[in-house]
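[1] fold the following and give me the result.
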Amino acid sequence: MAAKSEETRKKILEAALQLFRERGFAESTMRDIAQEAKVATGLAYYYFPKKEDLVMAFYVKVNAEIRPKVEAALASHGKLEQKIRALVYVKFDYFGPDRKFLGALSGYSADPGHRLSPFSKETKEIREEGIAQFRTALERSELKVPEDLVEAMPKILWMYQMGMVLFWIYDRSEGQRRTQLLLDKSLGIVVLLLKASSLPLMRPVRKLILDLVDVIAGEQSAVY
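    Sure thing, here's the model as predicted:
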């Protein structure tokens, strides 16, 4: 019984994702999704009371499927710049078919009070796993992060990745060439600054970075 229930749930989710890709998130109704999945509309609502629940299930699905790809990316590259680039490209490759769908969801990104935002309390577990990926990249790299930046730097790199993904979503250049150029140029700067961050004269800059991270974290806490 449990296996059949899970199969039905999976069928509804897959049908929803297919429609979101073809028609868009706003344009796809629960009735449409039920028809695509060949189930009763009431049954679709039973498993997913709101369309947002389908997106949350999509997030969980992504996290589970992308995890081994992330591990492979971290294991197959030595230098930090290579690891970060590999992590970002794992997301690009996985989300390739979903750029239009993700574009529709990006409107929620700026509002940490919305459950679909990557900064919301509902997505905290997924966000923390994403941050942990960059913590692992730093730990396995050749660079030594200054002690006062050890906690903040994985969060900063995660936010950098989120910015790159957002740029990629809206990049209309052929093959998203502009995104590739931006990643190549900006990543070199990020790693160079990280290397320089251990210098004594960079201590005031590190303090500014930490203050900025605290402000962002404080704003998120205020929403909760």
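[2] domain ranges for this structure?
    1-49, 51-223 (automatic domain parsing).
[3] including mean pLDDT and mean neighbour count, could those domains go into JSON lines?
    Every residue, glycine included, has its C-beta placed from N, CA and C. Output for the domains of the chain, formatted as JSON lines (pLDDT from 0 to 100; neighbours: other Cβ atoms under 10 Å):
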{"stretch": "domain 1-49", "mean pLDDT": "92", "mean neighbour count": "16"}
{"stretch": "domain 51-223", "mean pLDDT": "87", "mean neighbour count": "16"}
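[4] from D53, how far off is G103?
    To D53, G103 is 20 Å away according to Cβ to Cβ, to the nearest Å.
[5] actually L102, not the one I typed
    Distance of L102 to D53, given as Cβ to Cβ: 18 Å.
[6] which one is the residue nearest in space to the middle of the chain nearest to, not counting chain neighbours?
    Note on the chain: the residue nearest the mean C-alpha position is M162, at 6.0 Å, using Cα atoms, centre = their mean. Nearest residue to M162, sequence neighbours excluded (Cβ to Cβ, 6 or more residues apart in numbering): P118, at 6.4 Å.
[7] and for K79?
    Per Cβ to Cβ, 6+ apart, closest to K79 is E142, 6.0 Å.
[8] now swap in S198 and tell me
    If the residues on either side of it in the chain are set aside, S198 comes closest to P146, at 5.0 Å by Cβ to Cβ, 6+ apart.
[9] one more: F119?
    Of all residues not flanking F119 in the chain, P112 sits nearest, at 3.8 Å (Cβ to Cβ, 6+ apart).
[10] so that neighbour is in contact with T123, correct?
    No. Judged on Cβ atoms under 8 Å, P112 makes no contact with T123 at a distance of 9.4 Å.
[11] I'd like to know which elements the helix or strand containing the residue nearest to the centre of the chain is packed against.
    Using DSSP states H and E, M162 sits within helix 152-170. Packed against helix 152-170, as judged by 3 or more Cβ pairs under 8 Å, 6 or more residues apart in numbering; DSSP states H and E, are the following elements: helix 80-95, helix 99-105, helix 124-139, helix 177-196, helix 203-223.
[12] now distance to A64 too, for the ones you listed, in JSON lines please.
    JSON lines is the format used below for the helices and strands packed on helix 152-170 (distance: least, Cβ to Cβ, whole Å):
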{"stretch": "helix 80-95", "distance to A64": "12"}
{"stretch": "helix 99-105", "distance to A64": "18"}
{"stretch": "helix 124-139", "distance to A64": "10"}
{"stretch": "helix 177-196", "distance to A64": "26"}
{"stretch": "helix 203-223", "distance to A64": "25"}
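[13] for Y45, which of these is the nearest?
    helix 99-105 (20.9 Å; Cβ to Cβ).
[14] so which elements touch the closest one?
    Counting contacts by 3+ Cβ pairs under 8 Å, 6+ apart, helix 99-105 packs against helix 2-22, helix 152-170.
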